[in-house]
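Chemist: everything below, folded, please.
(chains A, B, C and D)
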Protein chains: 2
Amino acid sequence: MDASSKEERIRDFKRICRERGERFTVQRRIILETVLGLDNHPSADRIYDAVESRLPGIARTTVYRTLEHLVRTGIITKACHPGRVARYDPRTEIHHHLVCLDCNEFIDFEDDGLNQLRIPDTSAFNFDVSDYRVQLRGLCQHCKKTREKEDSK
Amino acid sequence: MDASSKEERIRDFKRICRERGERFTVQRRIILETVLGLDNHPSADRIYDAVESRLPGIARTTVYRTLEHLVRTGIITKACHPGRVARYDPRTEIHHHLVCLDCNEFIDFEDDGLNQLRIPDTSAFNFDVSDYRVQLRGLCQHCKKTREKEDSK
DNA sequence: TTAAGTGCAAAAGCTTTGCGGGTAG
DNA sequence: CTACCCGCAAAGCTTTTGCACTTAA
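Modeler: From the prediction side, this is the model:
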């Protein structure tokens, strides 16, 4: 990510913290800066390592808590990564998923339109596509209600 | 899943085991039967509970090992669920992923066509979609080579 | 000043590994 | 018979929690 848009993201984050009465700490700033500089969908552990070299002695807990905080504020997202995930799916035919960004609920979803996508050319990566899934990301029924309650406070 | 296609999947599994010189054990059969009867992308733990009630005393380890075995044989798949061992993504704008079914590699992928999908109606689930991602699943460069080597043995 | 955040330590949750004994083919 | 698989126990790795101390605003 180029330096100027990085700066911008950090300013955005600072503003949001202020608006919500949350603190813009050194730890949070460095963790955000670090994540914006890493690619390949880093795990919490990899982020911790990178952060620790800039802020020796930072607690793992702080990194975990801050990452979840960044996701809640919408500055970064969680990737739906299949590693070590331990969710199995007996359905091998094409189907899609609704994924709740709040509670991670994962609902099967059928749609003829989505079943007929033209598979794009992936030869630049020398990658053979066998099938695909679409993840529709958003808010489930339940989390929508919870938010409405909170907002009306 | 209806009973006849379940039977068929189990027969397929038995055949594949034979072909590969692997054992078709009671444990493997019951675990497969059980997974085919569960929905909602069960976790290993939920599968273990269901299996344990049919085969009291079965070891957790066996369930874990068998599930991975079923994935390797292609009878079931792993869902890309945003659960444990979180992966974070600094990119919040729309983009997609190539997902290797062998090694779980997860590669950013851009495609204008995929960026312009019509978001289908999800009101039946009372679910609010904010964005989406397409996962193109298949074999990465590296695993393709590995397979070619193995196949030529 | 004070509510929010951090560090520490411990627990909790999930998965893998090594090994001796058991069993399908 | 024997290679493959199972159960057990222990370790390993990732994440969460409770609490006292620190700090941004």
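Chemist: what angle sits between the strand ranked longest in chain A and strand B:128-139?
Modeler: If you go by DSSP state E, chain A has its longest strand at strand A:128-139. Strand A:128-139 runs at 160 degrees relative to strand B:128-139, counting by axes from the mean of the first three to the mean of the last three C-alpha atoms, to 10 degrees.
Chemist: report the buried residues of strand A:128-139.
Modeler: Buried positions in strand A:128-139, judged by neighbour count with 16 or more other C-beta atoms under 10 Å in any protein chain shown: A:128-129, A:132-139. Placement of C-beta: from N, CA and C, glycine included.
Chemist: for these, work out which two are farthest apart.
Modeler: Spanning the widest gap among the buried residues of strand A:128-139 are A:128 and A:139, at 34.8 Å by C-beta to C-beta.
Chemist: hmm, the longest strand of chain A in reach of chain B?
Modeler: Yes - interface with chain B: strand A:128-139 contributes A:128-139 (C-beta under 8 Å from any C-beta of the partner chain).
Chemist: let me see the residues that make contact with that strand.
Modeler: The contact list for strand A:128-139 (C-beta atoms under 8 Å, 6 or more residues apart in numbering or on different chains) reads A:80, A:94-102, A:109, A:114, A:117, A:119, A:122, A:147, B:80, B:98, B:101, B:117, B:119-120, B:122, B:127-139, B:144.
Chemist: 6 Å - rerun?
Modeler: Outside strand A:128-139, the residues that touch it by C-beta atoms under 6 Å, 6 or more residues apart in numbering or on different chains are A:80, A:94, A:96-99, A:101, A:114, A:119, A:122, B:128-139.
Chemist: report the mean confidence score over it.
Modeler: Averaged over strand A:128-139, pLDDT sits at 92.
Chemist: restricting to C-alpha, output it in PDB.
Modeler: In PDB, the C-alpha atoms belonging to strand A:128-139 read as follows (Å, rounded to 0.1, in the frame of the first residue of the first chain):
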ATOM      1  CA  ASP A 128      -6.300 -24.400 -12.300                       C
ATOM      2  CA  VAL A 129      -9.900 -23.500 -11.100                       C
ATOM      3  CA  SER A 130     -12.100 -26.400 -10.400                       C
ATOM      4  CA  ASP A 131     -15.100 -24.500  -9.000                       C
ATOM      5  CA  TYR A 132     -16.000 -21.400  -7.100                       C
ATOM      6  CA  ARG A 133     -18.100 -20.100  -4.200                       C
ATOM      7  CA  VAL A 134     -19.600 -16.600  -3.700                       C
ATOM      8  CA  GLN A 135     -19.600 -15.200  -0.200                       C
ATOM      9  CA  LEU A 136     -22.200 -12.600   0.400                       C
ATOM     10  CA  ARG A 137     -21.000 -10.600   3.400                       C
ATOM     11  CA  GLY A 138     -23.100  -8.500   5.700                       C
ATOM     12  CA  LEU A 139     -25.300  -8.700   8.700                       C
END
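Chemist: brilliant, that's me finished.
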